[in-house]
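Colleague: give me a model of this one.
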Amino acid sequence: MPDLKVTIGFSPQNIAPTKQTEAIQQNLIEMSRFKDYIYDLHFPHYNPQICASGRPVNSEVSLEQAKSLTMDMISWNHEHTKFKLTLLLNYLLHDNYKVVVDSVATEFYPRGIKSVVVADIELIKRLKDRLPDLDIQGSCLSHRMTVEELEQERKEGVTLHNPSVNIIRDPEQLKKNALAGYQSKVIAFEGCLNKCPDENSRYGHRWYLARSLTQDSSFCTKTRIASDPRYFFKANWVTVNRFKALNDYIAVVKLPRCRSSISFALGTFIDAYHNGTTYNVVDFIGAGYQMYLARDIGKIPSYLFDDDFFNTLQGCKMDCKERQCRYCFSKMEQIMRTSYKQKRLSRRSRNKRPLSTWHVDKTHRSEKSIL
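Modeller: Modelled structure (predicted):
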């Protein structure tokens, strides 16, 4: 059996614009080639009014259609591909614990869904009281990260923890958690700023994500933030080679929703893991800067980032002017030389906004400014 285990988000409502049932089955069949690597597939509750999952809701799909697609997917997988399916119950909309527990116990559990992702401690307690053999995983939306915080979950029955997305850029904490006996599922390619001020703010993007809502003014989707290389390079992603160095402390790696097919992204990841092949980092960034990178940069070869890059950025306080550091700009210039789209855009930007005028707006990064 391979030492690499992955979990993948699989949303029946968003798998394709038309012929969703066929697309769901086709994706499950294609992923069967990599079955030994797949720990489980996460899927959202069909009704965000019962329990939001943190995944976008397809407004063109009715509630009845969403339920039908979800239940058909569960049945078809049970009969054919037999992946472990895990229901996302990341947060609640109205503290409606009873409704959520009843839904799990009467709709999903009888269909063989005995694994859930939960952020809310009270919901964990109630689920375990009702269904003692339920396998409960932690959620990155809970923003827990330290040994003490993970212990709160373990005490209530969590067996696989999902620390804050910030942990991928904090290998020391990752190691501490593993040595303390906490098995972790870790997102390795999340395109949001490390220790982003939106994380803990009352109405930051995590609050919106946890309720399947959209926040147009999220910190890392603002153009002046996303287009500054210093913010992108401080985002919570690593390359596959860097991930391999951390894999001893990670039980399961969580792959983001990708713009390409799920099986293609998974195959690319596995190939890079085993053979060190170069891939496009943009294809694996799952949030935050994703649209900017896809639209305005296009290609970022993974070979441009080595251990020295991650070690340097790990301790960076973004005090570039004080230290007279241009490391991020130099790295972006390398990217410009490999991407035609970026070359064209960089020529245009040099005419309008030289690199020397770029600055880190430290007041904009404060929590108060985004409330």
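
Colleague: show me where the stretch 51-200 of the chain has strands.
Modeller: 85-89, 115-118, 135-137, 158-160, 185-187, 189-193 (DSSP state E, counting those that start in this stretch).

Colleague: helices or strands next to the third one in the packing?
Modeller: Counting by 3 or more Cβ pairs under 8 Å, 6 or more residues apart in numbering; DSSP states H and E, the packing neighbours recorded for strand 135-137 are strand 115-118, helix 121-130, strand 158-160. (C-beta placed from N, C-alpha, C; glycine too.)

Colleague: which of the residues in the last one are buried?
Modeller: Within strand 158-160, the residues that qualify as buried by neighbour count (16 or more other Cβ atoms under 10 Å) are 158, 160.

Colleague: for the record, mean pLDDT for it?
Modeller: Strand 158-160 shows an average pLDDT of 96 in the prediction.

Colleague: report all helices and strands that that strand contacts.
Modeller: Taking 3+ Cβ pairs under 8 Å, 6+ apart as the contact definition, the neighbouring helices and strands of strand 158-160 are strand 135-137.

Colleague: partner strands of the strand it packs on, parallel or antiparallel?
Modeller: Sheet pairing here is set by DSSP bridges, and for strand 135-137 it gives strand 115-118 (parallel), strand 158-160 (parallel).

Colleague: ok, for Y182, nearest residue in space, not its chain neighbours?
Modeller: Closest residue to Y182 apart from its sequence neighbours, by Cβ to Cβ, 6 or more residues apart in numbering: L150 at 4.8 Å.

Colleague: give me the number of residues near the one you found?
Modeller: One way to gauge burial is a neighbour count; for L150, by other Cβ atoms under 10 Å, it gives 23.

Colleague: ok, now D248?
Modeller: The tally of other residues near D248 (other Cβ under 10 Å) stands at 10.

Colleague: just to revisit the earlier point, for F108, find the nearest of the strands paired with strand 135-137.
Modeller: Evaluated over the strands paired with strand 135-137, closeness to F108 peaks at strand 115-118, with 8.2 Å, by Cβ to Cβ.

Colleague: now the strands of the stretch 51-200 of the chain in JSON lines, with distance to T146?
Modeller: Output for these, formatted as JSON lines (distance: least, Cβ to Cβ, whole Å):
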{"stretch": "strand 85-89", "distance to T146": "23"}
{"stretch": "strand 115-118", "distance to T146": "19"}
{"stretch": "strand 135-137", "distance to T146": "18"}
{"stretch": "strand 158-160", "distance to T146": "15"}
{"stretch": "strand 185-187", "distance to T146": "14"}
{"stretch": "strand 189-193", "distance to T146": "19"}
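
Colleague: mean pLDDT lowest for which of those?
Modeller: If the strands of the stretch 51-200 of the chain are sorted by mean pLDDT, strand 189-193 sits at the bottom with a mean of 82.

Colleague: okay, now the sheet partners of that strand, with direction.
Modeller: Using DSSP bridges, the strands paired with strand 189-193 are strand 235-237 (antiparallel).

Colleague: now do the strand it pairs with: distance to the chain's middle.
Modeller: The chain centroid and the centroid of strand 235-237 are separated by 10 Å under Cα atoms, centre = their mean, to the nearest Å.

Colleague: stretch 171-188 too?
Modeller: Using Cα atoms, centre = their mean, the offset of stretch 171-188 from its chain centre is 16 Å.

Colleague: from here on, call the first residue 39.
Modeller: Sounds good: first residue 39 from here, last item stretch 209-226.

Colleague: returning to what we had before: so which of the strands of the stretch 89-238 of the chain gets nearest T261?
Modeller: Closest to T261 of those is strand 227-231 (Cβ to Cβ; 14.4 Å).

Colleague: what's the following helix or strand after the closest one?
Modeller: Scanning forward in sequence from strand 227-231, with DSSP states H and E defining helices and strands, the next element found is helix 243-247.

Colleague: which helix or strand lies directly C-terminal to that following helix?
Modeller: Using DSSP H and E, the helix or strand that follows helix 243-247 in sequence is helix 261-264.

Colleague: list the buried residues in stretch 312-329.
Modeller: So stretch 312-329, judged by 16+ other Cβ under 10 Å, has buried residues 317-328.

Colleague: show me where the stretch 239-388 of the chain has its helices.
Modeller: For the stretch 239-388 of the chain, the helices defined by DSSP state H, counting those that start in this stretch occupy 243-247, 261-264, 267-271, 278-284, 300-313, 328-330, 345-352, 358-361, 365-374, 378-390.
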